[in-house]
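>>> What follows is a predicted structure for the sequence shown.
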Amino acid sequence: MELGISIALILSSALMVLLVLLHKGKGGGLSDMFGGGFSSSFGGSSVVERNLDRLTVITGIIWFVCIIALGLMLKP
Amino acid sequence: MLTAITRAFRTPDLRKKLLFTLGIIVLFRLGSVLPTPGVNSENVAKALEQAQAGESNNIYGMVQLFSGGALLRLSVFALGIMPYITASIILQLLVVVIPRLEALKKEGQAGTAKITQYTRYLTIGLAVLQSTAFVALARSGQLFPNSNLPVLLSNDVFPLVTMVITMTAGTAVIMWLGELITDRGIGNGMSVLIFAQVIAVFPAELINIYRLSPFKFAVVMITGIAMIAFVVFIEQAQRRVPVQYAKRMVGRRMYGGTSTYIPLKVNQAGIIPVIFASSLMYLPQLAVTMWGNSEKPNVVVEWLAQNLMQGDHPVYASVYFLLIIFFTYFYVSITFNPTEVADNMKKYGGFIPGIRPGRPTAEYLGFVLNRLTATGAPYLGFISLIPVVALGAVGASANFPFGGTSILIMVGVGLDTVKQIESQLQQRNYEGFLR
């Protein structure tokens, strides 16, 4: 059981990293991080991006549940 | 002020954005207190208490600040935004060095997007490195040098690998949360998250000081507020170089003829130099923790341990100060290019009264900027040294919450976010927060 959840956690973590990297970076780095220009975002996101968002959120929830389950199971 | 807040919440799309941002911050904080599976959270809490009582609590000062106390708690979001910041710094430096990246930057938006993408990849790489390092430190007990409680539940390889991967994914999630705020919320996501982490440590620290002595609490509050006022004053200070635009006819319409100004801030670089410098100062400390305990001490490591470990050591303070000054000039020269501004002005028929367009204008702008930075750089240095030097004398340096860097972050991000809310608000009515 413990092993199963650990494996699920590892898999969902890897998937999470992959999905986040698939997103288009909206940051713009440090340059507009502190006291930079206003990066206004015009236009909505594309269909691909929206589906990706949905997928990421679902994976995120699975990831979160795995962490909590494993955490409770390993409690001293 | 209050009416402006209610008005902000009465505006539908602004309300949506504000609530979205708050929701993300709540999620973020939740992840920062949630321990990674495999960590013995009770022992960690005990060890943290011991570490706070001991002397060594400023070893990870900066990192701890950016992670809002999450790092030493070994939570899911333990690494915080530090990997992203480090990756951004590295890429900023590389842009100057590597011609290909410089070409990308000059390409404009598409190129910048590509650089951002590289930053994201690098962030994940750094996250793997750092989480491995911290899990290894926790395993060998070096994370809390003055307590010998086992921090981890088991020392087998598989749980450790799970922890490393979970923390790496946590960093990726933080990156995504930050981008979501930038995209759909208010303000720049990464800085809002840093802001949240810096603020999050505040109440606990203040209560701690109050418990120690109410008098010290009063002193800390008063100096803190005075410093915030001072920082706001300098951050808002700018020199306005007047620019006159020539009138010109395009077809049958008249364009230009207006006079505006180029705002040159006293502290044009923001707080990035401080972050650069403290990230660099963190390296020798890391080196000492890694190799300091070996049997035959290295000469270099020994010297580092003697001179660069203590925050109030003169060598540390002066190196820190010089680094900040260097990085201020460096960063200003990256962000503001006088030649480019002068060329643009010439293109659109603008000139500074009394100075010829083209090269003389560029030289003039460079001259003004250099002189401004000559005050801006020491200001940054002093502000970030205040907690180290002045409060070390009082004996409250370690747990002084109004550390220079945190004040700079708070004020910088706060001003920026309020300005952005303001500009959103002004689409509907003119009276905003700032009058």
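Arrived safely, thanks for sending. Remember, predicted model here, so these are calculated numbers, not experimental data. Residues are numbered from 1 along each chain as shown, chains lettered A, B, ... in the order given.
>>> Under the pLDDT cut-off, which ranges of the chain? List them.
No chain specified, so I'll use chain A. Filtered on pLDDT under 70, chain A yields the residue ranges A:25-46, A:76.
>>> Let me rephrase: I mean chain B.
B:1, B:50-68, B:142-148, B:256, B:285-287, B:289-298, B:305-312, B:387-403, B:429-435.
>>> how does it divide up, domain by domain?
Structural domains annotated on chain B: B:1-200, B:201-402, as defined by automatic domain parsing.
>>> Would you point out which residue of the stretch 251-400 of chain B is nearest chain A?
B:Gly270 (4.0 Å; C-beta to the nearest C-beta). Just so you know, the C-beta spots here come from the backbone N, C-alpha and C atoms, and that holds for glycine as well.
>>> Tell me which of the domains of chain B sits most buried.
Stretch with highest mean neighbour count among these: domain B:1-200 (a mean of 19; mean count of other C-beta atoms under 10 Å in any protein chain shown).
>>> How far off centre is that one?
Centroid displacement of domain B:1-200 relative to its chain, using C-alpha atoms, centre = their mean, to the nearest Å, is 12 Å.
>>> give the contact list for B:Tyr329.
The contact partners of B:Tyr329, taken as C-beta atoms under 8 Å, 6 or more residues apart in numbering or on different chains, are B:373, B:377.
>>> How about the secondary structure of it?
Using DSSP: H, G, I helix; E, B strand; the rest coil, the structure places B:Tyr329 in helix.
>>> need the next SSE after the helix of greatest length in chain B, C-terminal direction.
What stands out as the longest helix in chain B, according to DSSP state H, is helix B:359-394. Downstream of helix B:359-394, the first helix or strand assigned by DSSP states H and E is helix B:404-425.
>>> Packing partners of that next one?
Applying 3 or more C-beta pairs under 8 Å, 6 or more residues apart in numbering or on different chains; DSSP states H and E, one finds that helix B:404-425 contacts helix B:2-10, helix B:12-33, helix B:61-66, helix B:189-212, helix B:214-236, helix B:272-291, helix B:359-394.
>>> one step back: now the domains of chain B in JSON lines, please, with extra columns for distance to A:Ile10.
Listed next are the domains of chain B as JSON lines, based on distance: least, C-beta to C-beta, whole Å:
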{"stretch": "domain B:1-200", "distance to A:Ile10": "5"}
{"stretch": "domain B:201-402", "distance to A:Ile10": "27"}
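>>> To A:Ile58, which of those domains lies closest?
In terms of C-beta to C-beta, the element of these nearest to A:Ile58 is domain B:1-200, at 13.3 Å.
>>> Just want the angle from the strand or helix carrying B:Ile89 to helix B:272-291.
Using DSSP H and E, B:Ile89 falls within helix B:82-97. Per axes from the mean of the first three to the mean of the last three C-alpha atoms, to 10 degrees, the angle that helix B:82-97 makes with helix B:272-291 is 110 degrees.
>>> who touches the helix or strand just after helix B:82-97?
Per DSSP H and E, the first helix or strand lying C-terminal to helix B:82-97 is helix B:99-106. If you take C-beta under 8 Å, 6+ apart as the criterion, helix B:99-106 is touched by B:91, B:94-96, B:111-112, B:114-115.
>>> can you rerun that using 6 Å?
Helix B:99-106 has contacts (C-beta atoms under 6 Å, 6 or more residues apart in numbering or on different chains) with B:94-95, B:111, B:114-115.
>>> Among those, find me the one that's closest to chain A.
B:Ile115 (6.8 Å).
>>> Following the helix or strand containing the closest one in sequence, what is the next regular element?
Using DSSP H and E, B:Ile115 falls within helix B:109-140. Going down the chain from helix B:109-140, the next helix or strand is helix B:157-184, by DSSP H and E.
>>> Quick one: list the elements packing against that next one.
helix A:2-22, helix B:12-33, helix B:109-140, helix B:189-212 (3 or more C-beta pairs under 6 Å, 6 or more residues apart in numbering or on different chains; DSSP states H and E).
>>> Nearest to B:Val151, out of the ones you listed?
helix B:109-140 (4.7 Å).
>>> now for the closest one, which elements pack on it?
So helix B:109-140, by 3+ C-beta pairs under 6 Å, 6+ apart, packs with helix B:82-97, helix B:99-106, helix B:157-184.
>>> what are the C-alpha coordinates of the shortest one, in CSV please?
Included here for helix B:99-106 are C-alpha records, laid out as CSV according to Å, rounded to 0.1, in the frame of the first residue of the first chain:
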residue,chain,number,x,y,z
PRO,B,99,26.1,36.0,-27.9
ARG,B,100,23.2,33.6,-28.9
LEU,B,101,21.2,34.6,-25.9
GLU,B,102,21.9,38.2,-26.5
ALA,B,103,20.6,37.8,-30.0
LEU,B,104,17.5,36.2,-28.7
LYS,B,105,16.9,39.0,-26.3
LYS,B,106,17.2,41.6,-29.1
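>>> just the angle between that helix and helix B:109-140, please?
Using the same axes, to 10 degrees: helix B:99-106 against helix B:109-140 is 120 degrees.
>>> can you check the last one too?
Taking the same axes, to 10 degrees, one finds helix B:157-184 and helix B:109-140 inclined to each other by 150 degrees.
>>> okay, the angle between helix B:157-184 and helix B:189-212?
110 degrees.
>>> how far off helix A:2-22 does helix B:157-184 point, in degrees?
Per the same axes, to 10 degrees, the angle that helix B:157-184 makes with helix A:2-22 is 30 degrees.
>>> now swap in the second one and tell me
Taking the same axes, to 10 degrees, one finds helix B:99-106 and helix A:2-22 inclined to each other by 70 degrees.
>>> cool, and the first one?
Using the same axes, to 10 degrees, one finds that helix B:82-97 and helix A:2-22 are set 40 degrees apart in direction.
>>> Now do helix B:82-97: which elements does it pack against?
Counting contacts by 3+ C-beta pairs under 6 Å, 6+ apart, helix B:82-97 is packed against helix B:99-106, helix B:109-140.
>>> could you redo the last one with a cut-off of 10 Å?
For helix B:82-97, the packing partners by 3 or more C-beta pairs under 10 Å, 6 or more residues apart in numbering or on different chains; DSSP states H and E come out as helix B:61-66, helix B:99-106, helix B:109-140, helix B:157-184, helix B:189-212, helix B:272-291, helix B:314-335.
>>> Let me have those in CSV, extended by distance to B:Thr86.
Output for the helices and strands packed on helix B:82-97, formatted as CSV (distance: least, C-beta to C-beta, whole Å):
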stretch, distance to B:Thr86
helix B:61-66, 10
helix B:99-106, 17
helix B:109-140, 6
helix B:157-184, 11
helix B:189-212, 12
helix B:272-291, 6
helix B:314-335, 14
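>>> Ok, which of those comes nearest B:Gly23?
helix B:157-184 (9.8 Å).
>>> Tell me what angle that closest one forms with helix B:12-33.
Going by the same axes, to 10 degrees, helix B:157-184 makes 160 degrees with helix B:12-33.
>>> now stretch B:231-238: how far from the chain's centre is it?
Worked out by C-alpha atoms, centre = their mean, stretch B:231-238 lies 17 Å from the chain centre.
>>> What residues does the stretch 301-435 of chain B have near chain A?
Proximity of the stretch 301-435 of chain B to chain A, by C-beta under 10 Å from any C-beta of the partner chain, involves residues B:331, B:334-335, B:408-409, B:411-413, B:415-416, B:419-420, B:423-424.
>>> Selecting buried members of these in ChimeraX, what would you type?
Entered in ChimeraX, the line below selects the buried ones among these, by 16 or more other C-beta atoms under 10 Å in any protein chain shown:
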select /B:331,334,335,408,409,411,412,413,415,416,419,420,424
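>>> Fine by me, thanks again.
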